[in-house]
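Novice: just coords:
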Ligand code: ADP
Ligand code: MG
């Protein structure tokens, strides 16, 4: 239950002065529906409104002046502003301009001869200095209302920053002092203020230092949020641990499978497998993430884990986000397993009627030891005789509930999630804090690195000519068109146009896939390409992560400067899978900015996804440079995952320690921590999640 002391913060924004039915939706869009949401809205910059002199007016800067109204100048044409001339009594004039019919009202409010304080951005208009729509224009007696330093908040159409600021300050007034949830010694060491004082300083900055994410107040508030989140993750992990599972020991099947492979496992694969085996044998339910760059060899590791489960007389499910990926996994593992007498079925949305019924039956009666498939696997009619392991490829492509539905098809089903999204190590805890992580950080030997080059777009004709020559010799190529403009339609047209052009040059045989295509149609084109019937595949960024087309050796990426580094790396990972030399051409529109150049350079120099992600993070700082939101990254309010990344691991340790000492959060500090979780909505999920 929510503690009463928090009620004022959890009141709707409509409880604030001036937030009626018209303004409320704007506030909700900007911050959220609650007073608390405004309180957590951080200002992004400052305006200094210290008094200026007429002599010192600088174009483009904010000035605050004491003036006397000299005259009103009504507009002479419709588009012209109403102008007020004002002077400072000795040195000069400034014009205040107002568009859109404020006239008579302005004349009444600011009669000639009246003394006023005015503040706003100065512009030059012909030979005069003017301020268009001053931020403040008040009688001189009210000069105190013009803040010397004003925090600027994010705004939205119809809700200017100053209104937001007013509302935030009202929210701040309602913020109570709360019992301290942070460790006293740690606070003292970091010299951090209390929660209430930190909010005060956040919303009443006295200088640039205060609004920096590195200010003591911001770090404290960021840490609060990180801790709330890490606590919830640790609680979730503990809840899962509470489900006992029958221990599964490594059997002989895995050894026989391994012996049948044409190559040896890499050290990283062996390490990952032994971590998984540790979990399976532990008597607790496994929740492990297998992280590994594209092509690092995750599939064989999960197959060997499945083998142990099969040896124990249990079943395994292997789920992938798309039909084509599921099919590829099936084609990889089925022959190996079937050679050892294990039946493997492939179940996707394509299976219909009798054939489908037969597969569902085999899963139910246990004649199928492994079921590979798509979303079709977790449908209600699919029941397992003895499911013990759920492997989920590209785990972020599934919702939490979808993963859970598959896991619920057995008792204490072990979860092995797989991901090729290179999350920098520093951020890993925030995304996967409730999972144990194994990393495959070494690629199988014998890969020839993909030769990567940046090419300015005016050289596209040469690129196409070279492509044509390569295709004539039997090569296959991906051609990626970005999805970046405001309108998906326009991006699509660009891709279609490119496909048409390439068809003209190549003489047909160019496929096109994009996000708006119906699934089966897309699968069909992808399959044609995978089977070598199409030499060139033009695609928007939908090229399925993980798709394996060993014969594809050329990757062309248009407007490469507009992609995230991690994304470029993943796209490049589509080639270089076979024996032949591969190349990746990053086509960019010149001139290339300094950062863009550095980014493309990183890509040219390294092939390690994790290193690339880490470098990208350093280079680009805040925002969402890695497309983290898409990979399940939490949307923090006050914590900045980049600026505060040094605090992430500390928060995770802190959370672990807190729960070890006070698992139910019953101590005085525990109670305060529950308040903190409430405040940020980071609450432990229900048991079994
Ligand atoms: P990913 O981690 O992207 O899912 P895959 O499991 O698809 O990677 O493996 C990529 C390719 O590497 C496959 O063709 C697989 O057969 C091969 N492979 C996996 N492990 C090894 C190894 N230890 N030595 C050589 N090749 C390997
Ligand atoms: Mg894979």
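Specialist: Received it, and whenever you're ready, just let me know what you need. Treat the numbers as computed from the prediction; the structure is a model and nothing was measured. Ligands and ions are numbered 1, 2, ... in the order given.

Novice: how about the residues of this structure near ligand 1?
Specialist: Residues of the chain found near ligand 1 (C-beta under 6 Å from any ligand atom) are 263, 265-266, 269, 292, 294-300, 420, 444, 546, 548. Glycine gets a C-beta too; all of them are placed from N, C-alpha and C.

Novice: try 8 Å
Specialist: Residues of the chain found near ligand 1 (C-beta under 8 Å from any ligand atom) are 261-266, 269, 292-301, 328, 332, 393, 418, 420, 440, 444-446, 546, 548, 550, 573, 577.

Novice: now intersect those residues with the helices, please.
Specialist: Under the assignment DSSP state H, the residues of the chain next to ligand 1 contribute 269, 298, 299, 300, 301, 328, 332 to helices.

Novice: re earlier: just the buried residues out of the residues of the chain next to ligand 1, in ChimeraX syntax.
Specialist: Here is the ChimeraX command that selects the buried residues among the residues of the chain next to ligand 1 (16 or more other C-beta atoms under 10 Å):
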select :265,266,269,292,293,294,295,296,297,298,299,300,301,328,393,418,420,440,444,546,548,573,577
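
Novice: got CSV for the ones in helices among the residues of the chain next to ligand 1, with pLDDT too?
Specialist: Formatted as CSV, these follow (pLDDT from 0 to 100):
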residue, pLDDT
269, 97
298, 95
299, 96
300, 97
301, 98
328, 89
332, 94
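
Novice: outside of the strand or helix carrying residue 317, which residues touch it?
Specialist: Assigned by DSSP states H and E, residue 317 belongs to strand 315-319. Outside strand 315-319, the residues that touch it by C-beta atoms under 8 Å, 6 or more residues apart in numbering are 302, 305-306, 309-310, 326, 329, 333, 363, 366, 368-375, 377-378, 384-393, 398, 406, 409-410.

Novice: need the longest helix for the protein.
Specialist: helix 216-241.

Novice: just how off-centre is that helix within its chain?
Specialist: Mean-position distance between helix 216-241 and its chain equals 18 Å (C-alpha atoms, centre = their mean, to the nearest Å).

Novice: list the buried residues of that helix.
Specialist: 216-240.

Novice: for the protein, what are the low-confidence residue spans?
Specialist: In the predicted model of the chain, residues 101-102, 484-486, 542-546, 620-634, 684-689 satisfy pLDDT under 70.

Novice: swap in 50 and give it another go.
Specialist: When residues are selected by pLDDT under 50, those of the chain lie in 622-626, 630-631, 686-689.

Novice: per-domain residue ranges of it.
Specialist: As assigned by automatic domain parsing, the chain contains the domains 1-47+160-176, 50-146, 252-440, 450-606.

Novice: so residue 318 bridges to which residues?
Specialist: With DSSP bridges applied, residue 318 shows beta-bridge pairing to residue 372, residue 391.

Novice: same check on residue 129?
Specialist: Going by DSSP bridges, residue 129 forms beta bridges with residue 124.

Novice: how about the stretch 351-500 of the chain: which residue is closest to ligand 1?
Specialist: residue 444 (3.3 Å; C-beta to the nearest ligand atom).

Novice: isn't that residue right next to residue 297, touching?
Specialist: Yes: between residue 444 and residue 297 there is a contact at 5.4 Å, judged by C-beta atoms under 8 Å.

Novice: need the overlap of contacts for the two.
Specialist: Taking C-beta under 8 Å, 6+ apart as the criterion, residue 444 and residue 297 both touch residue 266.

Novice: strands along the stretch 251-400 of the chain, start to end?
Specialist: Under the criterion DSSP state E, counting those that start in this stretch, the stretch 251-400 of the chain contains strands at 287-292, 315-319, 343-347, 368-373, 387-392.

Novice: Serialize those to TSV and add fields for distance to residue 435.
Specialist: Listed next are those as TSV, based on distance: least, C-beta to C-beta, whole Å:
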stretch	distance to residue 435
strand 287-292	4
strand 315-319	16
strand 343-347	26
strand 368-373	22
strand 387-392	11
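
Novice: compute the first-to-last residue distance for stretch 154-164.
Specialist: End-to-end distance of stretch 154-164 (C-alpha to C-alpha, to the nearest Å): 8 Å.

Novice: any idea how far it is from the chain center?
Specialist: With C-alpha atoms, centre = their mean, you get 25 Å for stretch 154-164.

Novice: what does stretch 263-282 give?
Specialist: For stretch 263-282, the distance to the chain centre is 30 Å (C-alpha atoms, centre = their mean).

Novice: contact partners of it?
Specialist: Defining contact as C-beta under 8 Å, 6+ apart, one finds that stretch 263-282 is touched by 245, 247-250, 258, 286, 288, 290, 292, 296-297, 300-301, 304-305, 308-309, 389, 414, 416, 436, 438-445.

Novice: okay, buried residues for that stretch please.
Specialist: Neighbour count says stretch 263-282 has 265, 266, 268, 269, 271, 272, 273, 275, 276, 277, 279, 280 buried, by 16+ other C-beta under 10 Å.

Novice: TSV for those, including distance to residue 316?
Specialist: Listed next are these as TSV, based on distance: C-beta to C-beta, whole Å:
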residue	distance to residue 316
265	19
266	22
268	22
269	18
271	21
272	16
273	14
275	17
276	12
277	14
279	14
280	11
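
Novice: one step back: from the contacts of stretch 263-282, which would you call buried?
Specialist: Counted by 16+ other C-beta under 10 Å, these give 245, 248, 250, 258, 286, 288, 290, 292, 296-297, 300-301, 304-305, 308-309, 389, 414, 416, 438-444 as buried.

Novice: now do the same end-to-end measure for stretch 660-671.
Specialist: End-to-end span of stretch 660-671 (C-alpha to C-alpha): 15 Å.

Novice: next, the buried residues of it.
Specialist: 665, 669, 670.

Novice: the first one belongs to a helix?
Specialist: Spelled out, that is residue 665. No: checked against DSSP: H, G, I helix; E, B strand; the rest coil, residue 665 lies outside a helix; its state is coil.

Novice: quick one, what contacts it?
Specialist: 658, 659, 671, 673, 674.

Novice: surely the third one and residue 179 touch.
Specialist: Looking back up the chat, that one is residue 671. Yes: between residue 671 and residue 179 there is a contact under C-beta under 8 Å: 7.3 Å.

Novice: the strand holding residue 317 vs strand 387-392, what angle?
Specialist: For strand 315-319 against strand 387-392, the angle by axes from the mean of the first three to the mean of the last three C-alpha atoms, to 10 degrees is 20 degrees.

Novice: show me how far strand 315-319 is from its chain's centre.
Specialist: Mean-position distance between strand 315-319 and its chain equals 28 Å (C-alpha atoms, centre = their mean).

Novice: do the same with stretch 260-276
Specialist: 31 Å.

Novice: now the end-to-end length of it.
Specialist: Where stretch 260-276 begins and where it ends lie 21 Å apart, using C-alpha to C-alpha.

Novice: residues contacting the closest residue to residue 636 other than its chain neighbours?
Specialist: Leaving aside its chain neighbours, residue 636 sits nearest to residue 225 (5.6 Å; criterion: C-beta to C-beta, 6 or more residues apart in numbering). Residue 225 makes contacts with 636, 637, 638, 639, 680, 682, as judged by C-beta under 8 Å, 6+ apart.

Novice: what about 6 Å?
Specialist: Taking C-beta atoms under 6 Å, 6 or more residues apart in numbering, we find residue 225 in contact with 636, 638, 639, 680.

Novice: can you redo these as a markdown table with neighbour count?
Specialist: Listed next are these as a markdown table, based on neighbours: other C-beta atoms under 10 Å:
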| residue | neighbour count |
| --- | --- |
| 636 | 18 |
| 638 | 24 |
| 639 | 27 |
| 680 | 21 |
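
Novice: just the residues you listed now: which is nearest ligand 1?
Specialist: residue 636 (29.7 Å).
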